[in-house]
Structure formats: structure tokens, C-alpha cells
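okay, predicted coordinates and the sequence, questions at the end:
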Amino acid sequence: MSEEYEDVCALVPTRNEAATIADVVDGLYEVGIGHVLVVDGNSTDDTKTIAAEHGAEVVQQSGDGKGQAVREGVSLIEETYVLLLDGDGTNPPEQAHRLLDPLISGEAEHVVGDRTADMRPGAMSNLNQVGNRLINRAFRRIHGEDYGDILSGYRAFTTESFEKMFLSAEGFGIETEMAVECARHGIPVEVVPTTYRPRPDGSETNLNPITDGGRIIVTLYSLAKTSNPLFYFGSVGAVSGFLGTVLAAWIGYEWFVRSISHEALTVVAGVLLLLGVQLVMFGVLSDLVVTLHREQRRRIDHLEDDGER
């Protein structure tokens, strides 16, 4: 075990990763990490047995989904730093130092491994690549931060920064939630390049690009109401206002050109326009509240840091 990484625990959520888990655990020990925790999500193959045979601590996940596995795993970790990676062999353990060094040096509290920096052929389907780019662009637009690859499962963080986060996603939305929480709490984040390798033969993905991608998008948008309420309420208000305007224009055309009145639709158009204006106004006010809260939070954190010194 390397003295440099003696306060690091590698957390590996797994489900049916018998074909790859041995190489992952061995690779982590080879780079000097002394504690490897495998949280198994009810594998039906020999994942747990193989991981234990190669020296990992193995615990049975009490629930389902990667998000629940990560939260449960971190709650069991006593070390200061956590290295999170998948058990499918796509995240090279030998690159762990890229993520851990910024933490140990104090340059960051959360480090994201950018898989797009060196994505090997066949590692990600074209559909997944398109979805990944769209989600990252949406995150930058909504939350105003660029974390490179927010869906990356290869990341490292301090347990202290993790405890600041409010995380509830059960599945693959956990990475999105962590990115949003970092932006919301102002947690120092660093992005480092990592390699993303294709799964070896005999290893099947647990990710469904349609259903899991949809959940991630919903998670990203729903979390905007607390981190960027102007976007969240303003976008809904803009849609409502646009529909009301289009409907009102059509009603006006029918009235002036064809002398046909639509009393009921006129009421609907008015309601849509009023709702749109109110939602935009509510978004502006909510944004002011969030901005004041962040400023107050920064002042409190600054006072706490001064008190500790």
C-alpha cells in the first residue's frame, strides 16, 4: 500500500461483473490503494466471490440501483478520500492518480474523469455519445458550470464534500446529481482526462440508453428548480406564453377575417398568457432568493473557516 493513498478507499458498485472485477481490484491494489470496497447489487454470477478472492471488502447492497449503492458505500467508508469507478473494466485503475492527486494536494474536493478525452473505439455507441454531448451542454446552460463529462462514473471526492450533497437518485442519475450538487454548493471541482475503454467480451452493460437517458434528463431538469429557478420556471413560463400567444393570434385572425368568435378558447389563451407571465416573474424572484442564499452560505463558510484557523 502506498503511503500517499493510505487514506483512500476505492468504491466499486457492481452487478454481474464477474468477467472484469478481478482485473479492476488487482489494478487498484497495484497503484497503491489499500482499501477496495465492492458494493454488489444482487449479482447472479460470481462477482462477489471473485472480488473477495482478490482481496476486496465485499458488501451486499441493501437496495437496488447504482445511486443507492454509492450512498450506502460511502456511509461505510472511514477514509478521507473516495475513488469511485465502475467494475466493468472501462475505467483504467492505473489512472487513479490523475483523480486522487488534486484531492490530496488540496486543489479540489471533487474530481471528474473526462472519458471523452480518450474514448477508445467501441467504448460508447453513437447514440450514447450524442446523448452525452446533449446532456453536458444542457448542464452547462442550466447550471453555469463546465465539468467536462458529468455522466462519468470515474471520479474522486472527499467524504466531507459528499456529506454536503443531497442525493436521492437510485440509478445512473447519481452522477448527474453529484454534478448539480457540486455546482449548487460551490464545491471546488477539477476535470482530468481519462481513458474510456470498451467492455471486454462476456461483459454486458447494465445501462439502457433510452430509459436511463430519459431519467438522467428528467433528473437534470428537475434539479434546476433549486439551482437555477429562473431557467426552470422561466422555460415553463415561456412555453405557456408562446402557446397563449399563438392561440390568441389564431383567435384574432378568426374574429377579424372570418367573423368567428371563440369565447372558450379566448379564456384558455388568456390563462396561458397570464400563467406564462406569472411563472417568469416567479422564476426571477426565486433566482434572487437563491442568489442571496448562496451569498449567505459563502459568508457562513468563510466565518467557519476563520474560526477553525
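Nice, thanks for sending it over. Here the structure is a predicted model, which means the values were calculated and not measured. Numbering: from 1, shown residues only.

use CA for all of it now, contacts and neighbours both
Will do.

what ranges does the stretch 151-300 of the chain have for its strands?
Per DSSP state E, counting those that start in this stretch, the stretch 151-300 of the chain carries strands over the ranges 155-158, 189-196.

winner for burial among the ones you listed?
With neighbours defined as mean count of other CA atoms under 10 Å, those peak in mean count at strand 155-158, which reaches a mean of 25.

who touches it?
80-85, 99-100, 103, 109-113 (CA atoms under 8 Å, 6 or more residues apart in numbering).

gap between it and the chain center?
13 Å (CA atoms, centre = their mean, to the nearest Å).

paired strands for that strand, with orientation please.
strand 81-84 (antiparallel), strand 110-119 (antiparallel) (DSSP bridges).

on that earlier part again, looking at the strands of the stretch 151-300 of the chain, which is nearest to residue 130?
The closest of these to residue 130 is strand 189-196. By CA to CA, the value is 15.9 Å.

that closest one: partners in the sheet, and parallel or antiparallel?
When DSSP bridges is applied, strand 189-196 pairs with strand 110-119 (parallel).

dump the residue contacts of the residue minimising distance to the centre of the chain.
With distances taken as CA atoms, centre = their mean, the chain has residue 176 as the residue nearest its mean C-alpha position (1.5 Å). By CA under 8 Å, 6+ apart, the contact list for residue 176 reads 150, 151, 216, 219, 220.

quick one: low-confidence ranges for this structure?
1-3, 201-209, 212-213, 293-295, 297-298, 300-309 (pLDDT under 70).

domain parsing for this structure?
With domains defined by automatic domain parsing, the chain comprises 3-227, 229-308.

among the ones you listed, which is the most enclosed?
Across the domains of the chain, averaging neighbours per residue (mean count of other CA under 10 Å) puts domain 3-227 on top, at a mean of 19.

hmm, back to that, out of the contacts of residue 176, who's nearest residue 59?
Among the contacts of residue 176, and counting by CA to CA, the member closest to residue 59 is residue 151, at 24.7 Å.

which ones are touching the closest residue in space to the closest one that isn't next to it in sequence?
With sequence-adjacent residues excluded and distances taken as CA to CA, 6 or more residues apart in numbering, residue 151 is closest to residue 175, at 5.4 Å. Residue 175 is in contact with 150, 151, 152, 153, counting by CA under 8 Å, 6+ apart.

same list, those residues, but as a markdown table with distance to residue 231 please.
Output for the contacts of residue 175, formatted as a markdown table (distance: CA to CA, whole Å):
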| residue | distance to residue 231 |
| --- | --- |
| 150 | 19 |
| 151 | 21 |
| 152 | 24 |
| 153 | 27 |
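
mind listing which of those are in helices?
Using DSSP state H, no member of the contacts of residue 175 falls in helices.

from the residues you listed, which is closest to residue 123?
For the contacts of residue 175, the nearest to residue 123 is residue 152 (12.8 Å; CA to CA).

dihedrals phi and psi, that closest one?
phi -60, psi 130 (degrees, to the nearest 10).

correct me if wrong: it contacts residue 117.
No: Residue 152 sits out of contact with residue 117 when judged by CA atoms under 8 Å, with a separation of 11.5 Å.
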